[in-house]
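A.B. asks: Here's a sequence, model it:
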Amino acid sequence: MSEMIRLLVADDDINYREELRRAFQNHPSVRVTGLAQSGRDALNLARDGAPDAALVDLGLVDMSGLEAAEQIAKVSPGTAVFIVTDAPSMELYRRATALGVRQVFTKSMGTADMAAHIEQEVESIRDQMRRKAEELPLAPPGSGPFRKNVLHAPKRLQTVKKVTIGVLSPKGGVGKTTTAVNMAAAAAAQADLGVRVCLVDLNEFGCVTMQLNLGSPERALDGDPLAARNILNWQYIEGNPSREELEEFLVRHPDGIWVIPTVPAPEKIVEVSQQLIRKVLDILRHHFDLIIIDLPPSITLDVSWSTAELVDYLFVVVTADVQVIPGMSQLNKILSMLNCETKCYRLVNKYNEPEALSMTELDKCVPYPNLGKFPEDPGVRKACKQGRPYVLVKPDSEYARSIRAVLNQVFPVFAGEHPKRGFAVKRLFGFLGGGRGV
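C.D. replies: Purely as a prediction, here's the structure:
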């Protein structure tokens with residue numbers, strides 16, 4: 001199998017856990033990516049990481065392996081669960097398989113034999129999920145989960161792990177915010193999958209809220225409802241907020257996107273610290289599947305480089321214009337200092353403008369894998385003025401298809417619009433985590 005299998009090991013014996021980790025360290029297909037001592041730890045890792053397979057000891061410190069296996073199957077339906085024990089029996093096998101466990105291994109079994117069974121079962125699950133994904137139709141535009149006023153819509157199928165994307169650019173005016181808004185709207189429209197999307201506005205001028213016709217940040221200073229919902233107020237959230245508590249700090253757009261407005265005045269952007277950004281992301285990851293952060297058109301602000309270190313992916317939006325070259329020089333330098341290059345991908349907006357730079361020329365100044373390109377379309381600008389994302393206004397346009405194709409490569413929820421093999425098919429069923437990985 002060419003795709004790496006991410007394996008979670010749950011066992012209260014630290015020596016056995018380490019033994020398995022070392023044994024699979026150089027395996028061509030299976031790699032231990034999570035270690036848990038208790039059942040509770042295993043459930044948390046399975047829920048947040050969606051591993052391809054889980055190897056669970058029958059006797060954990062806080063619950064039985066069968067109980068843990070049953071719960072893992074609920075929080076991560078795409079994970080192949082295996083029980084490992086010193087005393088296997090036919091009765092144990094019957095009880096385990098009735099709960100969805102794929103195989104029961106003995107601790108004396110060699111890792112090569114374990115790996116062969118794991119590969120076989122994981123491939124079987126992947127085939128099933130591929131077939132299901134191909135059968136899912138595109139949801140009608142604008143039919144996001146918030147048409148039902150529900151933050152936690154039930155999922156029919158878990159297809160991906162939770163993803164956080166930071167969207168930045170070397171200069172203003174290249175379509176960065178428009179890209180972020182349209183990607184968020186496209187994902188939120190997939191109501192049948194129960195996709196939950198949050199768009200965080202960290203551009204100090206509030207471009208997201210204005211583009212979605214939610215109001216200007218300056219109005220928040222005059223008693224506007226945005227005042228209680230801008231990102232600075234998230235410092236007052238304590239613990240793990242409930243759904244109702246969280247909604248008090250969010251603005252809901254009619255098309256199903258939940259939005260965190262930016263600071264009420266541009267000069268206050270310096271008050272957004274990395275500690276606050278980390279807190280916001282930790283909370284959002286418990287409630288949303290996709291988090292998109294619109295960053296300022298420069299990486300020199302603290303909020304930009306702080307966010308760059310915390311997200312799974314960085315989308316660098318550029319136009320094929322020589323004016324992006326000076327800003328890219330600085331952006332590349334800082335991303336290199338932060339060791340963030342491996343999570344960076346290039347998006348080219350208005351690629352079809354006259355006298356545009358070629359992709360080869362862009363490679364020299366924007367040296368990141370090209371994830372996609374968007375055409376110049378006058379309708380995009382018109383939709384911005386109307387407060388409606390263009391992907392919902394004209395879902396069959398080349399621009400809308402390009403937006404979905406890009407997003408599908410890291411957050412694949414669009415059936416029938418298959419990403420290129422070698423990148424997104426691996427991501428489609430949670431095979432890889434954040435960063436490039438290919």
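A.B. asks: The chain: strands as residue ranges?
C.D. replies: With DSSP state E as the criterion, the chain has strands at 5-10, 30-36, 53-57, 80-85, 103-106, 163-168, 197-201, 251-252, 258-260, 290-294, 313-319, 344-349, 370-374.
A.B. asks: okay, the ones you listed in TSV with distance to S306 and mean neighbour count next?
C.D. replies: Yep, even glycine has a C-beta here, placed from its N, CA and C like the rest. Output for the strands of the chain, formatted as TSV (distance: least, CB to CB, whole Å; neighbours: other CB atoms under 10 Å):
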stretch	distance to S306	mean neighbour count
strand 5-10	28	26
strand 30-36	26	20
strand 53-57	33	26
strand 80-85	37	24
strand 103-106	44	17
strand 163-168	10	24
strand 197-201	13	28
strand 251-252	23	18
strand 258-260	15	24
strand 290-294	11	27
strand 313-319	13	25
strand 344-349	16	24
strand 370-374	23	20
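A.B. asks: Please tabulate these in JSON lines, including the columns distance to V413 and mean pLDDT.
C.D. replies: Shown next, in JSON lines, are these (distance: least, CB to CB, whole Å; pLDDT from 0 to 100):
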{"stretch": "strand 5-10", "distance to V413": "20", "mean pLDDT": "91"}
{"stretch": "strand 30-36", "distance to V413": "23", "mean pLDDT": "89"}
{"stretch": "strand 53-57", "distance to V413": "23", "mean pLDDT": "93"}
{"stretch": "strand 80-85", "distance to V413": "22", "mean pLDDT": "92"}
{"stretch": "strand 103-106", "distance to V413": "30", "mean pLDDT": "90"}
{"stretch": "strand 163-168", "distance to V413": "10", "mean pLDDT": "95"}
{"stretch": "strand 197-201", "distance to V413": "10", "mean pLDDT": "96"}
{"stretch": "strand 251-252", "distance to V413": "20", "mean pLDDT": "89"}
{"stretch": "strand 258-260", "distance to V413": "16", "mean pLDDT": "94"}
{"stretch": "strand 290-294", "distance to V413": "8", "mean pLDDT": "96"}
{"stretch": "strand 313-319", "distance to V413": "15", "mean pLDDT": "93"}
{"stretch": "strand 344-349", "distance to V413": "18", "mean pLDDT": "93"}
{"stretch": "strand 370-374", "distance to V413": "16", "mean pLDDT": "92"}
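A.B. asks: Adding distance to K74, write these out as JSON lines.
C.D. replies: Shown next, in JSON lines, are these (distance: least, CB to CB, whole Å):
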{"stretch": "strand 5-10", "distance to K74": "15"}
{"stretch": "strand 30-36", "distance to K74": "16"}
{"stretch": "strand 53-57", "distance to K74": "12"}
{"stretch": "strand 80-85", "distance to K74": "11"}
{"stretch": "strand 103-106", "distance to K74": "19"}
{"stretch": "strand 163-168", "distance to K74": "21"}
{"stretch": "strand 197-201", "distance to K74": "23"}
{"stretch": "strand 251-252", "distance to K74": "28"}
{"stretch": "strand 258-260", "distance to K74": "25"}
{"stretch": "strand 290-294", "distance to K74": "21"}
{"stretch": "strand 313-319", "distance to K74": "28"}
{"stretch": "strand 344-349", "distance to K74": "33"}
{"stretch": "strand 370-374", "distance to K74": "33"}
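A.B. asks: so which of those comes closest to R243?
C.D. replies: Smallest distance to R243 across the strands of the chain (CB to CB): 11.0 Å, for strand 258-260.
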